[in-house]
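In: Pasting the sequence and the predicted model now:
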Amino acid sequence: MKLVQMIEKISVEFDDDCMRAMCETDSGCVPKGCSRDIYGRLGCGYFRLNIYQYKQCYQPGRLDDQDEDEAWIACSEDYQCSQQCLRVCIFIEPGFIETNQTDLQ
């Protein structure tokens, strides 16, 4: 079952409850905006993706001539790109979710 949430004329389809919960917890599922976590790392977009996570997931969506910071922000504000990045981080880093949940407390 796919869940759909409408926010400011932006439709996000959730393939699973885990991504939906992470999105809602991290940003309220709003693509714009950035905030710092308890460690001072700047995270942006749907999942408050930070530059280190973006580098770790092999910079999806980055164009050859695109600045790294520009590509990171663009990916963080694109639900599919940021979700793809998080899935890579979760796959390659055991304990990724538990580590990042402590940032929310």
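Out: Alright, I've got the coordinates. As the structure is a computational prediction, the values presented were derived from the model and not from experiment.
In: which residues are contacting stretch 58-74?
Out: With contact meaning C-beta atoms under 8 Å, 6 or more residues apart in numbering, stretch 58-74 is reached by 44-45, 49, 51, 54-55, 75, 78, 81, 84-85, 88. Yep, even glycine has a C-beta here, placed from its N, CA and C like the rest.
In: ok, the closest residue to residue 45 other than its chain neighbours - contacts?
Out: In space, and not counting its chain neighbours, residue 45 is closest to residue 76: 2.9 Å by C-beta to C-beta, 6 or more residues apart in numbering. Applying C-beta under 8 Å, 6+ apart to residue 76 gives the contacts 31, 43-49, 54, 82.
In: returning to what we had before: now intersect the contacts of stretch 58-74 with the helices, please.
Out: Counted as lying in helices by DSSP state H, out of these, are 51, 54-55, 75, 81, 84-85, 88.
In: can you redo the contacts of stretch 58-74 as JSON lines with neighbour count, distance to residue 15 and pLDDT?
Out: As requested, the contacts of stretch 58-74 are exported to JSON lines (neighbours: other C-beta atoms under 10 Å; distance: C-beta to C-beta, whole Å; pLDDT from 0 to 100):
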{"residue": "44", "neighbour count": "23", "distance to residue 15": "22", "pLDDT": "98"}
{"residue": "45", "neighbour count": "25", "distance to residue 15": "18", "pLDDT": "97"}
{"residue": "49", "neighbour count": "27", "distance to residue 15": "18", "pLDDT": "97"}
{"residue": "51", "neighbour count": "18", "distance to residue 15": "26", "pLDDT": "97"}
{"residue": "54", "neighbour count": "26", "distance to residue 15": "21", "pLDDT": "97"}
{"residue": "55", "neighbour count": "12", "distance to residue 15": "25", "pLDDT": "96"}
{"residue": "75", "neighbour count": "25", "distance to residue 15": "18", "pLDDT": "98"}
{"residue": "78", "neighbour count": "17", "distance to residue 15": "15", "pLDDT": "97"}
{"residue": "81", "neighbour count": "23", "distance to residue 15": "15", "pLDDT": "97"}
{"residue": "84", "neighbour count": "16", "distance to residue 15": "11", "pLDDT": "94"}
{"residue": "85", "neighbour count": "26", "distance to residue 15": "15", "pLDDT": "95"}
{"residue": "88", "neighbour count": "15", "distance to residue 15": "16", "pLDDT": "92"}
